[in-house]
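> can't give you the sequence, but here's the structure:
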Ligand SMILES: C[S@@+](CC[C@H](N)C(=O)[O-])C[C@H]1O[C@@H](n2cnc3c(N)ncnc32)[C@H](O)[C@@H]1O
């Protein structure tokens, strides 16, 4: 099952980008043995500046039709890390056509994206900048691979 991140905005060379690349390459290595592939980021740049509805249309265009979609939104559901890993494994085991995570822009997600989403996932009630949300998400994806592999990375 392909795992991917769809994100509004470009992350220029920065410490955040290095962290995202590092977590995704470590997740890709771990994912090989457990039926998880991809671990890539597709960046969406709404050049027409049509706001969150325009961004939602571009995010949905990049989403494979049969893939499960998790939209990151502070108003969503909170999960602990083993619970998150369980969701990933459950989708893989049910043969989902991919698992994609969508990170919105400055105004959050448009209605069409929220309606298509299978899950709204929150990292707490506080709002984080999109680049930190990207770092936190990719760390949790990497952590999920470690929980599923039974390594000591996730200690609790
Ligand atoms: C700067 S935030 C935009 C917040 C926007 N005001 C809203 O109402 O959604 C950019 C993106 O980062 C992600 N994000 C920020 N804080 C988050 C949180 N606590 N939980 C989950 N995702 C978050 C979301 O995908 C959000 O669309």
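Cool, the structure landed. It should be emphasised that the depicted structure is a prediction, and the values quoted were computed from it without experimental measurement.
> So residue 23, which state does it fall into?
Counting by DSSP: H, G, I helix; E, B strand; the rest coil, the backbone at residue 23 sits in helix.
> no wait, residue 131
Once three-state DSSP is applied, residue 131 turns out helix.
> So it is in contact with residue 13, correct?
No. The criterion here is C-beta atoms under 8 Å, and residue 131 misses it with residue 13 at 12.0 Å. For the C-beta atoms, the positions are set from N, CA and C on the backbone; glycine is no exception.
> the more surrounded of those two?
residue 131 (20 against 7; other C-beta atoms under 10 Å).
> Next up, the contacts around the more buried one.
Counting by C-beta atoms under 8 Å, 6 or more residues apart in numbering, residue 131 makes contact with 9, 11, 14, 16-17.
> Give me the subset of these that lies in strands.
Among the contacts of residue 131, none falls in strands (DSSP state E).
> of these, buried ones?
Buried members of the contacts of residue 131, counted by 16 or more other C-beta atoms under 10 Å: 9, 11, 16-17.
> dump the residue contacts of the residue nearest in space to the middle of the chain.
The centroid of the chain falls nearest to residue 101 when counting by C-alpha atoms, centre = their mean (3.0 Å). Applying C-beta under 8 Å, 6+ apart to residue 101 gives the contacts 4-6, 69-72, 121, 137, 141.
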